[in-house]
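Q: build me a model from this:
(one chain, ligands or ions: 2)
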Amino acid sequence: MITIISLGGSIVAPDDIDIPYLRAFAAVLREFLTESPERKVILIIGGGGPARRYQHAYRELMGAGSSEDQDWIGIMATRLNAELVRSLFAAECATPVVTDPTAEFDFSGRVLVAAGWKPGFSTDFDAVMLAERFGASRIVNLSNIDKVYSADPRQDPDAVPLDTIDWDKFRELVGTTWTPGKNTPFDPIATRKASELNLQVIAAGGRDLPNLERLLRSREFHGTIIGRSSV
Ligand SMILES: Nc1ncnc2c1ncn2[C@@H]1O[C@H](COP(=O)(O)OP(=O)(O)O)[C@@H](O)[C@H]1O
Ligand SMILES: O=c1ccn([C@@H]2O[C@H](COP(=O)(O)OP(=O)(O)O)[C@@H](O)[C@H]2O)c(=O)[nH]1
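A: Ligands and ions are numbered 1, 2, ... in the order given. The predicted structure is shown next:
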């Protein structure tokens, strides 16, 4: 059984790298793997603060500049974060960080770590590509927010948290266009493909590790189910 976890950059490196969090997260995942030899985990790592900082510097230097250049800068941040995470799981993951979800690679270990691929979307899309490739119908999307809200709660104080949302309504929330560094619970391009594949995405706060432990074991958890209600 393969569990796909999209680990937001806002969790790995909100501003600087969150070392205590990474230590605790690795322990939670290892425990989960130890309980059953059947379990494997794919981790897709976002760019977080470093991606946003470098993209901001690019815009300061270049004005609007090129969206593609900004995406490549973001991609490099995801790869740096992913190298760090992969090294945490060196014992469980012999494969180098996956930077192209369509490429040939070996997944003989228990953990696989992936990062950004190419311009035009976020690591959410890479997670969807890997879910499709490995026949997984669910993605666990861990971010800095506990649930999907009716609007971005950072912009709208009246936003209310949602327990479930279907793909059509979710698409109305996040729109259809991509901009580098976009902050949404799941990006618009990934949303389109996840909807086509009829996936389930669970959006939950990554910092709440007891909640993650429950979620991984299909127990009751705090978060939002996007898309199909069961897998
Ligand atoms: N409808 C929404 N519900 C929840 N969060 C939203 C919504 N729309 C936008 N956001 C924003 O998306 C952010 C999460 O995206 P992002 O910062 O890119 O996370 P990550 O780095 O974990 O991928 C939240 O902090 C929130 O401000
Ligand atoms: O396959 C990818 C993955 C990432 N990015 C770029 O890298 C940034 C950081 O990645 P992501 O948004 O996934 O990080 P997070 O939101 O988790 O911090 C994105 O905004 C994009 O600009 C990209 O162009 N292609």
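
Q: find the closest residue to ligand 1 in the protein.
A: Gly8 (1.8 Å; CB to the nearest ligand atom). From N, CA and C alone the C-beta is placed, and that goes for glycine too.

Q: count the neighbours of the nearest residue to that residue once chain neighbours are set aside for me.
A: Among residues not flanking Gly8 along the chain, Ser143 sits closest, at 4.1 Å (CB to CB, 6 or more residues apart in numbering). Ser143 is flanked by 25 other residues according to other CB atoms under 10 Å.

Q: one more: Glu35?
A: Applying other CB under 10 Å, we find 11 residues neighbouring Glu35.

Q: top helix in the chain by residue count?
A: helix 67-88 (DSSP state H).

Q: for Phe89, give me phi and psi.
A: phi -110, psi 30 (degrees, to the nearest 10).

Q: what do you get for the one 3 residues further on?
A: For Glu92, the backbone dihedrals are phi -100, psi 0 (criterion: degrees, to the nearest 10).

Q: do I have it right that it meets Leu33?
A: Yes - with contact defined as CB atoms under 8 Å, Glu92 counts as touching Leu33 (6.8 Å).

Q: close enough to count as contact, the residue nearest to Gly8 and Ser10?
A: Yes - between Ser143 and Ser10 there is a contact at 5.9 Å, judged by CB under 8 Å.

Q: where do the contact lists of those two overlap?
A: Gly206 (CB atoms under 8 Å, 6 or more residues apart in numbering).

Q: list residues touching both of Glu92 and Leu33?
A: Arg110, Val111.

Q: if we can go back for a sec, specify the beta-bridge partners of the residue nearest to Gly8.
A: Gly205 (DSSP bridges).

Q: now do the same for it: its pLDDT.
A: pLDDT recorded at Ser143 is 96.

Q: which residues does it contact?
A: For Ser143, the contact set (CB under 8 Å, 6+ apart) comprises Gly8, Ser10, Ile11, Pro185, Ala203, Ala204, Gly205, Gly206.

Q: and it, how far is that from Ala64?
A: 27 Å (CB to CB, to the nearest Å).

Q: Ala201 - how many residues pack around it?
A: Rather than Ala, residue 201 is Val. That count, for Val201 with other CB under 10 Å as the rule, works out to 30.

Q: contacts only, for it.
A: Arg138, Ile139, Asn141, Phe186, Ala194, Ile225, Ile226, Gly227.

Q: equivalent analysis for Thr191, please.
A: By CB under 8 Å, 6+ apart, Thr191 lies in contact with Asp124, Trp167, Phe170, Arg171, Val174.

Q: what do you get for Thr102?
A: Met129, Arg133.

Q: helix or strand for it, just tell me which one.
A: In the assignment (DSSP states H and E), Thr102 maps to no helix and no strand.

Q: okay, it: pLDDT?
A: pLDDT, read off for Thr102, is 98.

Q: quick one: list the elements packing against the helix or strand hosting Val128.
A: If you go by DSSP H and E, Val128 is part of helix 123-133. For helix 123-133, the contact count by 3 or more CB pairs under 8 Å, 6 or more residues apart in numbering; DSSP states H and E identifies strand 2-7, strand 40-45, strand 111-114, strand 138-143, helix 188-196 as packing neighbours.

Q: which of those sits closest to Leu215?
A: Ranking the helices and strands packed on helix 123-133 by proximity to Leu215 (CB to CB) places strand 138-143 first, at 6.4 Å.
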